[in-house]
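A.B. asks: coordinates only, no sequence provided:
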């Protein structure tokens, strides 16, 4: 993640430990690790597991930035986590 973050300085990155930050996660049950949550503004663009490989995360970010990309449908707990993260980083 650090390598990809260094090549995308315009993005904010945050690592969440599901045990240490359980309160922030709320009722969200993360079943597969590592999982990635990517959002922009009010919307969640992606939430799901991603193998820990630089090229996979890089390609995911490229895909999300393509014109016409439609945000992933997520359940209410994922959307709520995104909003909590936004407030915490403001």
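C.D. replies: Noted; the coordinates are in hand. Nothing here was measured: the structure is a model prediction, and the numbers come from that model.

A.B. asks: distance from stretch 3-20 to the middle of the chain?
C.D. replies: The chain centre lies 9 Å from the centre of stretch 3-20; the measure is CA atoms, centre = their mean, to the nearest Å.

A.B. asks: can you list the buried residues in it?
C.D. replies: Under the neighbour-count criterion of 16 or more other CB atoms under 10 Å, stretch 3-20 has residue 4 buried. Every C-beta, even on glycine, is put in place using the N, C-alpha and C of the backbone.

A.B. asks: mean confidence (pLDDT) on it, please.
C.D. replies: For stretch 3-20, the mean pLDDT works out to 88.

A.B. asks: touching it from outside, list them.
C.D. replies: 1, 24, 25, 30, 33, 54, 57, 58, 61, 85, 89 (CB atoms under 8 Å, 6 or more residues apart in numbering).

A.B. asks: if we go to 10 Å?
C.D. replies: 1-2, 21-22, 24-25, 28-30, 33-35, 37-38, 40, 53-58, 60-61, 65, 81, 85-86, 88-89 (CB atoms under 10 Å, 6 or more residues apart in numbering).

A.B. asks: what do you get for stretch 74-90?
C.D. replies: When contacts are defined by CB under 10 Å, 6+ apart, stretch 74-90 is touched by residues 12, 14, 16, 21, 23-30, 35, 37-48, 72-73.
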